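1. here is my input; please provide its structure:
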Amino acid sequence: MRASRYLAGLFAGLCGFCLSAVAAPIPAPASVVFPPWQGHANDPVQERGLEFSVAEVDNLPDFHGDPIDPGLSIFVGGNYFFAMAPLVAAFTELHPDLRGRIYYETLPPGRLLQQIRKGGRITVGNMSWIVHADVYAAGLKKVQAAVDEGVLQAPVQPYASNTLTLMVPAGNPANVTGLHDLARPGLRVLLPNPHWEGVARQIRQSLEHAGGRALAHSVYDDKVSAGEAMLTEIHHRQTPMLLMQGRADVGVTWRSEALFQESIGHPLRHIDIPEADNVRATYAAAVVHGAPHPAAARAWIEFLASAPAQQILARYGFGPALSQPPAGSSAPSPVGQGGH
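-> Have a look, this model is predicted:
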């Protein structure tokens with residue numbers, strides 16, 4: 001009898017647990033963590049069809065506009081995806097014939113060059129499409145190399161500069177104070193992948209400025225091998241997401257990226273890197289060889305150097321280009337050869 005009562009009580013308890021488990025609500029996704037982070041600000045199309053974006057599984061935050069018969073296609077390194085919406089809006093005020101007909105991608109520069117070399121075809125998930133780029137914009141050194149390769153055509157137009165910073169979660173729970181901390185055992189670090197993102201080269205340089213080759217090797221080699229540092233595939237999305245999810249302690253990004261995340265209220269902060277240890281990179285643009293819309297491409301590149309565009313870029317922490325090669329030349333600049 002005692003055993004029967006025990007089993008009955010156990011069964012009732014288990015049933016109650018099962019019912020409470022079934023009744024417990026499924027947590028909604030933390031949409032603040034997942035892109036797109038600007039609503040429809042970075043979508044330059046004028047007519048929208050069926051709205052279907054699911055934050056964690058179905059969104060394409062770095063593809064903007066309508067790829068079918070665009071009037072201008074821009075491939076630009078993703079570190080200033082947030083500046084593209086106001087830039088496109090200001091540009092189409094000057095060129096109303098292109099309103100609603102601009103398509104742009106904000107992927108890592110190395111990936112964009114791969115897409116150009118593959119005839120403009122890209123595959124994301126189960127979908128493939130082709131867009132022939134008119135303009136390619138990235139770090140000055142990468143743009144110049146693509147001109148020398150014949151992928152782009154001179155002249156090269158430098159138009160902005162940027163510096164590095166350390167992005168951390170609000171409150172800085174790991175107490176990161178500077179570049180030397182990145183080598184600290186146990187600290188979870190996010191680093192751009194050097195195969196696709198030119199910023200990795202600048203980060204390594206900055207580490208060497210701060211602590212010599214030993215620090216750069218410790219952070220970019222030893223910690224990666226030990227699994228304490230992750231190489232991102234698309235740092236301008238992954239770094240803020242992983243920090244907000246609590247899966248990392250610090251990431252190295254461009255200062256403009258951190259300022260943007262803070263400006264929209266995300267629980268992220270930045271730690272300035274001293275000027276003596278920092279690296280300033282220059283961004284540049286050029287027309288893609290065989291561009292379908294060369295006149296529109298040249299107009300966009302000229303616009304980037306104009307006062308209205310420079311004012312927009314300055315709002316996000318970008319500085320002016322540090323140097324400019326002679327017209328029609330792809331000769332390297334002595335300062336500020338930047339990457340993504």
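2. which SS state does the nearest residue to residue 207 once chain neighbours are set aside fall under?
-> Closest residue in space to residue 207, ignoring its immediate chain neighbours: residue 216 at 4.0 Å, by Cβ to Cβ, 6 or more residues apart in numbering. C-beta: built from backbone N, CA, C; applies to glycine. Secondary structure, DSSP: H, G, I helix; E, B strand; the rest coil: residue 216 is helix.
3. go on, residue 68?
-> Under three-state DSSP, residue 68 falls in the coil class.
4. could you measure it against residue 40, distance?
-> 18 Å (Cβ to Cβ, to the nearest Å).
5. so for those two, which residue has more residues nearby?
-> residue 40 (13 against 8; other Cβ atoms under 10 Å).
6. next, give phi and psi for the nearest residue to the more buried one once chain neighbours are set aside.
-> Closest residue in space to residue 40, ignoring its immediate chain neighbours: residue 48 at 7.6 Å, by Cβ to Cβ, 6+ apart. The phi/psi pair for residue 48 (degrees, to the nearest 10) reads phi -110, psi 140.
7. please pull out the lowest mean pLDDT helix or strand from this protein.
-> Within the chain, confidence by mean pLDDT, DSSP states H and E is lowest for helix 2-23 among all helices and strands, at a mean of 49.
8. neighbouring strands for the helix or strand following that one, and are they parallel or not?
-> Sequence order places strand 63-64 as the next helix or strand after helix 2-23, per DSSP states H and E. The strands beside strand 63-64 in its sheet (DSSP bridges) come out as strand 102-105 (antiparallel).
9. now the partner strand: buried residues?
-> 102-105 (16 or more other Cβ atoms under 10 Å).
10. could I get the full set of strands for the chain?
-> Applying DSSP state E to the chain gives strands spanning 63-64, 72-76, 102-105, 121-124, 127-130, 135-139, 152-169, 189-192, 229-232, 250-254, 268-272, 280-288.
11. just the residues contacting the third one, thanks.
-> Read it as strand 102-105. Strand 102-105 is contacted by residues 44, 62-67, 70-76, 84, 88, 91-92, 112, 115, 122, 131 when judged by Cβ atoms under 8 Å, 6 or more residues apart in numbering.
12. what sits closest to residue 321 if chain neighbours are left out?
-> residue 158 is the one closest to residue 321 (Cβ to Cβ, 6+ apart), at 3.6 Å.
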